[in-house]
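Undergrad: Provided below for reference: sequence and predicted model.
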Amino acid sequence: MAWPALYNGYPLLYPDSMTYLQDGPLVARALFLHKLSSYYGMRSLIYSLGVLPWHWNVTLWPVVLLQALLSAFVIWLVVRSLQPRRTVAVYLILIATLSLLTSLSWYASLIMPDFLGPVLYLCIYLLVFARESLSPGERVAVAVIAWWAVTSHSSHLILAVGLCILLASLLILRRQFMRGRLRAIGEVAMIVLLAAAAQLALNSYLYGAPSLNGDRPPYLTARIIADGPGRWYLQQHCPQANLAVCAYVRNLPDNVNDFLWGKKAIYQTASPATGRRFVQEEVPFVLATLRTYPQAELDRSAISSLRQLTIFGYSDLEANNWVLGEFDHVLPGERQDYLQSQQASNALPLKFFSRVQGCAVVVSIVLIIAFVPFVMRRQPRRLIGLSVTIVSMVVANAFVTASMAMVEDRLESRVIWLLPFLAGLFVLYWLDQRSLGKAAMNPEVHFNVREKDEYIRQVCPIRINKNLLRAPQEK
């Protein structure tokens with residue numbers, strides 16, 4: 001999974017990467033030495049704190065190792081839960097294919113919490129649909145990884161809550177593959193609540209007030225203005241609305257970047273007091289706009305979401321001058337190593353690998369559609385549960401990120417590898433069914449007890465008395 005970093009000659013970086021690396025020591029000093037700072041950045045402080053012991057602002061290679069190992073571990077557990085026979089061979093085939101053709105390896109090699117999104121959704125699948133396949137130690141490890149993933153990005157928290165609601169709704173509808181999953185869904189909901197509580201407690205300690213996002217920019221304000229309805233509302237209701245953003249009503253941009261980022265962006269040029277007012281007034285402003293133009297905002301959010309679903313390349317991994325300027329005080333001594341990387345000189349073949357992933361995704365969608373009837377006839381609970389998890393999260397990720405932030409390659413590319421992963425599992429399930437069917441016709445082929453138990457529980461589309469599984473002479 002680390003081959004993109006090795007090929008690049010240095011771990012991959014995005015502008016936000018430097019912020020995560022810089023914030024970790026500030027949070028650690030506040031927690032363990034009680035040396036508070038006036039500002040801790042606007043990113044996930046728990047992700048910054050989690051990767052700090054792996055880099056200490058000296059080298060980033062151990063962080064890549066950590067991210068690759070966590071991804072590999074969770075994927076192994078998923079494959080093992082679905083393929084009790086020939087698990088190692090199936091796992092290695094899937095890992096090699098995904099690493100070469102999709103964004104899995106690129107995001108394991110990128111110093112960002114983005115890799116934790118798909119890892120989180122697979123952890124939820126394991127805890128809800130495949131907990132019987134986990135040992136007690138593995139169950140604890142998966143729960144800890146899920147907790148860290150939820151705290152590492154605000155969109156992960158939103159999507160985890162949405163997935164819990166979806167699974168609970170399916171349970172209420174008495175879907176067959178949800179039978180007996182109430183307790184498991186409750187445990188996942190508890191992990192999400194503990195993650196939210198940790199964020200509230202940390203931000204309360206650091207900033208003096210509980211918050212899920214800390215000192216965040218007004219993303220929703222920027223999004224709704226860029227969409228148009230926010231701009232229309234301000235033009236009609238300023239200055240009566242008495243909003244801080246009314247001072248800029250004549251120069252409102254039509255994209256998120258020009259409102260939030262850049263030297264001339266409204267949020268960047270505003271005074272600290274005005275920036276705080278932007279955030280404090282965000283919810284009333286957004287709600288007032290939605291009440292005034294509900295259909296228009298819904299239409300634009302739907303269009304943005306559809307665009308996000310089709311944009312999942314690697315263009316956001318191009319070189320950035322701001323990253324280079326941050327090396328001296330974030331990673332002293334590493335500047336020269338970064339300059340020798342292919343990313344620093346924009347020599348990475350990002351367009352080629354974007355096309356490769358695009359082709360892989362299209363082929364995967366075709367395969368998933370082709371094998372859906374076959375899978376539905378046999379009703380394997382775990383595979384159906386994984387399918388519901390993956391498809392819902394890929395679509396929901398596009399909606400959440402496009403509606404609440406912006407449309408860009410990175411936001412969907414981080415999860416899109418789940419579709420080729422699911423397609424590969426569909427194909428392997430079909431092949432496994434064929435081989436098992438042939439084995440059943442051959443009287444010389446025998447399963448050992450563990451293989452037989454796993455096969456009957458996960459593959460056979462009929463219910464069998466568990467006592468029969470204990471009979472040593474039963475064939």
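TA: Thanks, I have it.

Undergrad: Show me where the stretch 151-300 of the chain has its helices.
TA: Using DSSP state H, counting those that start in this stretch, the helices of the stretch 151-300 of the chain run over 154-172, 182-207, 219-227, 229-237, 256-260, 266-269, 272-280, 282-292, 294-309.

Undergrad: now, of the ones you listed, which is deepest in the fold?
TA: Neighbour counts (mean count of other C-beta atoms under 10 Å) averaged over each of the helices of the stretch 151-300 of the chain peak at helix 219-227, with a mean of 24. Placement of C-beta: from N, CA and C, glycine included.

Undergrad: Can you pull the poorly scored residue ranges out of the stretch 151-300 of the chain?
TA: Across the stretch 151-300 of the chain, nothing is flagged by pLDDT under 70.

Undergrad: looking at the helices of the stretch 151-300 of the chain, which is closest to residue 405?
TA: In terms of C-beta to C-beta, the element of those nearest to residue 405 is helix 219-227, at 5.5 Å.

Undergrad: Any idea how far the closest one is from the middle of the chain?
TA: A distance of 22 Å separates the centroid of the chain from that of helix 219-227, by C-alpha atoms, centre = their mean, to the nearest Å.

Undergrad: can you check stretch 347-356 too?
TA: The answer for stretch 347-356 is 22 Å, by C-alpha atoms, centre = their mean.

Undergrad: Averaged pLDDT, it. What do you get?
TA: The average pLDDT within stretch 347-356 is 95.

Undergrad: can you list the residues that contact that stretch?
TA: Stretch 347-356 is contacted by residues 8, 101, 106, 313, 314, 315, 317, 318, 342, 409 when judged by C-beta atoms under 8 Å, 6 or more residues apart in numbering.

Undergrad: That one: which residues count as buried?
TA: 348, 350, 353, 354 (16 or more other C-beta atoms under 10 Å).

Undergrad: Export these as CSV, with columns for distance to residue 92 and secondary structure.
TA: Below are these laid out as CSV (distance: C-beta to C-beta, whole Å; DSSP: H, G, I helix; E, B strand; the rest coil):
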residue, distance to residue 92, secondary structure
348, 26, coil
350, 27, helix
353, 21, helix
354, 25, helix
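
Undergrad: Just name the closest of those residues to residue 227, please.
TA: residue 354 (26.4 Å).

Undergrad: That closest one and residue 348, how far apart?
TA: Remark: distance between residue 354 and residue 348 (C-beta to C-beta, to the nearest Å) = 11 Å.

Undergrad: swap in residue 127?
TA: 36 Å.

Undergrad: just to revisit the earlier point, how about the buried residues of stretch 347-356 in JSON lines, adding distance to residue 255?
TA: What follows is the buried residues of stretch 347-356, written out as JSON lines (distance: C-beta to C-beta, whole Å):
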{"residue": "348", "distance to residue 255": "26"}
{"residue": "350", "distance to residue 255": "22"}
{"residue": "353", "distance to residue 255": "26"}
{"residue": "354", "distance to residue 255": "22"}
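
Undergrad: hang on, the earlier thing: out of the helices of the stretch 151-300 of the chain, nearest to residue 332?
TA: Using C-beta to C-beta, the nearest of the helices of the stretch 151-300 of the chain to residue 332 is helix 182-207, at 24.9 Å.

Undergrad: tell me which strands and helices that closest one is in contact with?
TA: With contacts defined as 3 or more C-beta pairs under 8 Å, 6 or more residues apart in numbering; DSSP states H and E, the packing partners of helix 182-207 are helix 15-32, helix 45-55, helix 116-129, helix 136-151, helix 154-172.

Undergrad: Could you list the low-pLDDT ranges of the stretch 351-475 of the chain?
TA: Across the stretch 351-475 of the chain (using pLDDT under 70), the flagged ranges come out as 437-475.

Undergrad: Now do the helices in it.
TA: Using DSSP H, counting those that start in this stretch, helices in the stretch 351-475 of the chain cover 381-404, 409-416, 418-440, 449-458, 466-469.

Undergrad: Pick the most deeply packed of those.
TA: Taking mean count of other C-beta under 10 Å, helix 409-416 is the most buried of the helices of the stretch 351-475 of the chain, at a mean of 24.

Undergrad: domains for this structure, by residue range?
TA: Taking automatic domain parsing as the criterion, the chain consists of the domains 3-214+316-353, 219-309.

Undergrad: got JSON lines for those, with distance to residue 429 too?
TA: Formatted as JSON lines, these follow (distance: least, C-beta to C-beta, whole Å):
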{"stretch": "domain 3-214+316-353", "distance to residue 429": "7"}
{"stretch": "domain 219-309", "distance to residue 429": "25"}
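
Undergrad: And the spatially most central residue of the chain, how far from residue 6?
TA: Centroid-nearest residue in the chain: residue 117, 1.6 Å away (criterion: C-alpha atoms, centre = their mean). Plainly put, residue 117 is 23 Å away from residue 6 if you go by C-beta to C-beta.

Undergrad: got a list of what the closest residue to residue 189 other than its chain neighbours touches?
TA: Nearest non-adjacent residue to residue 189, counting by C-beta to C-beta, 6 or more residues apart in numbering: residue 164, 5.0 Å away. The contact partners of residue 164, taken as C-beta under 8 Å, 6+ apart, are 124, 185, 188, 189, 192.

Undergrad: 10 Å - rerun?
TA: 124, 128, 185, 186, 188, 189, 190, 191, 192, 193 (C-beta atoms under 10 Å, 6 or more residues apart in numbering).

Undergrad: For residue 128, see how far away it is.
TA: 9 Å.

Undergrad: same check, this time on residue 92
TA: 26 Å.

Undergrad: more neighbours, these two?
TA: With neighbours defined as other C-beta atoms under 10 Å, residue 92 and residue 128 compare such that residue 128 has more, 26 against 11.
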